[in-house]
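Student: When you get a sec, could you give me coordinates for this:
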Amino acid sequence: MNKDREGAATGKRSDPHAWPVGSSYRLETAVQVEEDLAALAQAGVRYLELAWIAKAFDMFDPVRERECEAIIQKARSRGLEIWTLHLPYGTDWDVSALDPAQRGQAMKRHLRLLSLSERWGIRTAVLHPSWEPIPDSERRERLTSCKGSLAQLAEEAAKHGVRLAVECLPRTCLGNTSAEMAELLSSSAKLGICCDVNHLLQETPQSFIRKLGSRIYTVHISDNDGADERHWMPGRGIIDWKEVLHALAEQGYDGPFLFEIRQPVPSELTACWERLLTAYSEAQGN
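Tutor: Predicted coordinates:
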């Protein structure tokens, strides 16, 4: 595990050329693991986020847990580090649920995974603050409920040596604006942000980053069409990538530039990153 790379703002401007490339890796679709990892390493990807749909990959099944541990070991043997563990989301995992029993069960599930994150040496876990849809009539109460859960989870995560990165979300989910994310994070100074630029539909990613950059632990990189999340390759949608890189650098971000693309081709990820860097450098006059 890399203790030198923290993701969050360092207090001084960072250089995007120094950011390593990362990618989400989905466990429920991992069939040719050796081939996948070899392709990622060969392409120059250095960091992975492990993600899965809980109903398709039950991490609490001992067989699945061992499968995941084996993937982690194989990844590290190829020089790939596990940067983040993406905790599952959905009704069963909703820490904003108004029903105390439902919320309590969701908390227990997350806590079990935070324990695994510690055991596997994964220092950051990504958490969705809610599921959806959330009606306007419930929103204030759901925010209060979520803040209580986040405060507790942040304390427990810290005991495991794990940082909790709350992900900004789209549509009616909690955390769909910088203002709402700031409110959620006010529940604990131990909380950070997973900035998913593709989820930001009510403000530009660069605006969000400049408002909350000091709390950003990690990023999810993909493009959208401005109407909804799409998880497209950068350049296909409307996001201004020169501005996104400029804002992250301005805020001192030094973590991986971690792609969250549907069915990614590793070589295309690193080729895309090179194009973004070139455009950024030209815009900076370098």
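
Student: For the top helix by length along the chain, enumerate the helices and strands it packs against.
Tutor: The longest helix of the chain (DSSP state H) is helix 136-159. In terms of contacts (3 or more C-beta pairs under 8 Å, 6 or more residues apart in numbering; DSSP states H and E), helix 136-159 is packed against helix 100-119, strand 124-127, strand 163-167, helix 178-185. The way it works is simple: take the backbone N, C-alpha and C, and place the C-beta from them, glycine included.

Student: If you count neighbours, what's buried in the longest one?
Tutor: For helix 100-119, a neighbour-count test (16 or more other C-beta atoms under 10 Å) marks 103, 106, 107, 109, 110, 113, 114, 116, 117, 118 as buried.

Student: Low-confidence regions, the protein specifically.
Tutor: Along the chain, the model assigns pLDDT under 70 to residues 1-5, 8-11.

Student: And the strands in it?
Tutor: For the chain, the strands defined by DSSP state E cover 21-26, 45-51, 81-86, 124-127, 163-167, 191-196, 216-220, 257-259.

Student: ok so, going back, could the helices and strands packed on helix 136-159 go into CSV alongside distance to residue 243?
Tutor: Formatted as CSV, these follow (distance: least, C-beta to C-beta, whole Å):
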stretch, distance to residue 243
helix 100-119, 33
strand 124-127, 24
strand 163-167, 21
helix 178-185, 15
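
Student: so which of those comes closest to residue 34?
Tutor: Smallest distance to residue 34 across the helices and strands packed on helix 136-159 (C-beta to C-beta): 22.6 Å, for helix 100-119.

Student: who's in contact with residue 210?
Tutor: For residue 210, the contact set (C-beta atoms under 8 Å, 6 or more residues apart in numbering) comprises 247, 250, 251.

Student: Nearest to residue 99 among those residues?
Tutor: residue 251 (37.8 Å).

Student: what's the distance between the closest one and residue 210?
Tutor: 7 Å (C-beta to C-beta, to the nearest Å).
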